[in-house]
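Peer 1: Give the three-dimensional model of this entry:
(chains A and B)
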Number of protein chains: 2
Amino acid sequence: MDLLDGMATTRAIRRYRPDPVPEADLASILWHATRAPSGSNRQPVRYLALRDGPEARRAKAVIGEAARAAWGAKRAQDGYDEGSGADASSPKARTARTMQAYVDGLDDVPVVVLVCALPRRSVTGLHVGASVYPACQNLLLAARALGYGGTMMMWHGLVEDRLRAVLGIPDEVTVAATVTLGVPEGRHGPVRRLPLGDVVFDGRWEAPAPWAVDPPGTRFTAAGPPRRPDSLTGGAGTTDGARET
Amino acid sequence: MDLLDGMATTRAIRRYRPDPVPEADLASILWHATRAPSGSNRQPVRYLALRDGPEARRAKAVIGEAARAAWGAKRAQDGYDEGSGADASSPKARTARTMQAYVDGLDDVPVVVLVCALPRRSVTGLHVGASVYPACQNLLLAARALGYGGTMMMWHGLVEDRLRAVLGIPDEVTVAATVTLGVPEGRHGPVRRLPLGDVVFDGRWEAPAPWAVDPPGTRFTAAGPPRRPDSLTGGAGTTDGARET
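Peer 2: Predicted structure coming up:
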């Protein structure tokens, strides 16, 4: 698969076939993850693969329980079953079904990788991620190259203490991401994003970049819910459908 | 370029030819960056491209000044000119020369992209990066696909207030990364990392993953300086040379 095509077509995959991920493929996926850069090449990332052992299965169940609770709350709070969501064929209802199936199946996802960040002394919150999340992106791209799909989620944060206990993760280590992986099941839509001109500025904040044009065929996130007061998302928000991506 | 090969061979590039980056290539690089995922597809990233306008040049100079001060301090503190660093052919001395040339040339780097994170209400520091740094990795991979090279650095943090003033960046927006881009100059070494088995655990923290083997030809970070007290880097540390990667 071509590098640019791979980036253009890698999207969140939340429906998996039950097929396992062979060890050689998982090793290759993780090896490519580790090629990502980190500050001073310190490589402060560890990958805890959860497959079929007893502790792995227990940990998956703990994450699944948290994800079901979190998604249930979000589903109600964000009104997924109201308005257009009452129509089963609406994007909103489709998203709700996909998310529900995802959290319902988490205990049995073929592979879950907990991407863990080793402690750092000197850098504040956000920037620590610069040495961790590039590897997560490589992981997802490598999965795609090898015929798998996955997504990154953060619901482990709700049960981090229980995960530490089950898996022996030291207190000073942070679970930075939970990545679920498997062979994609069914059809998945295209990657949708804001128009490039909405997110690129040239030379000054909010100065337009007329050269920042999307290639033909680009699919966009349609106008969505009103801006949140804490957000500067710009004119085009996210659609319900886009929440899947 | 193949997707897996691209990830395997993308490394930090800090020496650039003076060639400009044509707008169409820059647009493509940024478009591929925006294909990366973000939480709920909220896309909280904005890309501020610094090229040749007066404010862009001023901002590059501000970053350059900060980087020279920061590197100068690090060079002294980490003893780059002592021990093996006194030998001009040592990896340590080579790293020091590359870094010095990098910071000395920052004002004239063809393109600097400030990757900016829009404010979020509900997520703590580290995890915000999960919606920002995957895009930075795509940006660097896309640059490589198109014949460019780059690196991500954080020294803007030392002068963020001055950058805000020069570029009109709102207070609530965070500059998450500074990415420098250009056509690579000269020869660059391979990506070097810790052995895969050092960073992958199977089913429990620190449980070995015998299947996590590096492909033939993998180059490693050699045993380096002693562990820092705040680090769990494991047996093999980073070498001075590896700091370039």
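Peer 1: For the rest of this, base every contact and every neighbour count on C-alpha atoms.
Peer 2: OK.
Peer 1: Can you verify A:Val159 is assigned to a helix?
Peer 2: Yes - counting by DSSP: H, G, I helix; E, B strand; the rest coil, A:Val159 falls inside a helix.
Peer 1: That one: how many residues sit nearby?
Peer 2: 15 (other Cα atoms under 10 Å in any protein chain shown).
Peer 1: can you pull the contacts of it?
Peer 2: Counting by Cα atoms under 8 Å, 6 or more residues apart in numbering or on different chains, A:Val159 touches A:62-63, A:66.
Peer 1: Most neighbours among those, please name it.
Peer 2: Neighbour counts for the contacts of A:Val159 were taken using other Cα under 10 Å; the highest belongs to A:Ile63, which has 26 neighbours.
Peer 1: what pLDDT does it get?
Peer 2: Reading off the confidence values, A:Ile63 has pLDDT 98.
Peer 1: Which parts of chain A are helices?
Peer 2: Counting by DSSP state H, one finds helices in chain A at the ranges A:3-9, A:23-34, A:54-77, A:91-104, A:125-128, A:133-145, A:160-167, A:196-199.
Peer 1: what's the closest non-adjacent residue to the most centrally placed residue in chain A?
Peer 2: Taking Cα atoms, centre = their mean as the criterion, A:Met152 is the residue nearest the geometric centre of chain A, at 2.5 Å. Spatial nearest neighbour of A:Met152, excluding adjacent residues (Cα to Cα, 6 or more residues apart in numbering or on different chains): A:Val179 at 4.4 Å.
Peer 1: Distance-wise, check the one you found relative to A:His127.
Peer 2: To A:His127, A:Val179 is 20 Å away according to Cα to Cα, to the nearest Å.
Peer 1: max-length strand in chain A?
Peer 2: Longest among the strand segments of chain A by residue count, using DSSP state E, is strand A:174-182.
Peer 1: Using CSV, list the CA coordinates for it.
Peer 2: Listed next in CSV are the C-alpha coordinates belonging to strand A:174-182 (Å, rounded to 0.1, in the frame of the first residue of the first chain):
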residue,chain,number,x,y,z
THR,A,174,0.4,6.3,32.5
VAL,A,175,-1.9,4.4,30.1
ALA,A,176,-1.8,6.9,27.3
ALA,A,177,-4.1,5.1,24.9
THR,A,178,-6.1,1.9,24.4
VAL,A,179,-5.9,0.7,20.9
THR,A,180,-8.3,-2.1,19.7
LEU,A,181,-7.3,-4.1,16.7
GLY,A,182,-8.8,-6.8,14.4
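Peer 1: Report the angle between that strand and helix A:54-77.
Peer 2: 90 degrees (axes from the mean of the first three to the mean of the last three Cα atoms, to 10 degrees).
Peer 1: Quick check: mean pLDDT of strand A:174-182?
Peer 2: If you average the pLDDT values across strand A:174-182, you get 97.
Peer 1: which residues are in contact with that strand?
Peer 2: Contacts of strand A:174-182 from elsewhere in the structure, counted by Cα under 8 Å, 6+ apart, are A:14, A:16-21, A:109-119, A:132, A:136, A:143, A:148-157, A:160, B:126-127, B:130.
Peer 1: where in chain A is pLDDT low?
Peer 2: Within chain A, the segments meeting pLDDT under 70 span A:120-124, A:223-245.
Peer 1: Please parse it into its domains.
Peer 2: Chain A breaks down into these structural domains: A:3-182, A:189-245 (assignment by automatic domain parsing).
Peer 1: tell me the contacts of A:Val103?
Peer 2: With Cα under 8 Å, 6+ apart, A:Val103 has these contacts: A:64, A:67-68, A:71.
Peer 1: try 6 Å
Peer 2: Contact criterion Cα atoms under 6 Å, 6 or more residues apart in numbering or on different chains gives A:67-68 as the residues in contact with A:Val103.
Peer 1: ok so, going back, what residues sit buried inside the longest strand of chain A?
Peer 2: When neighbours are counted by 16 or more other Cα atoms under 10 Å in any protein chain shown, the buried residues of strand A:174-182 are found to be A:174-182.
Peer 1: next one: stretch A:182-197
Peer 2: Within stretch A:182-197, the residues scored as buried using 16+ other Cα under 10 Å are A:182-184, A:190-197.
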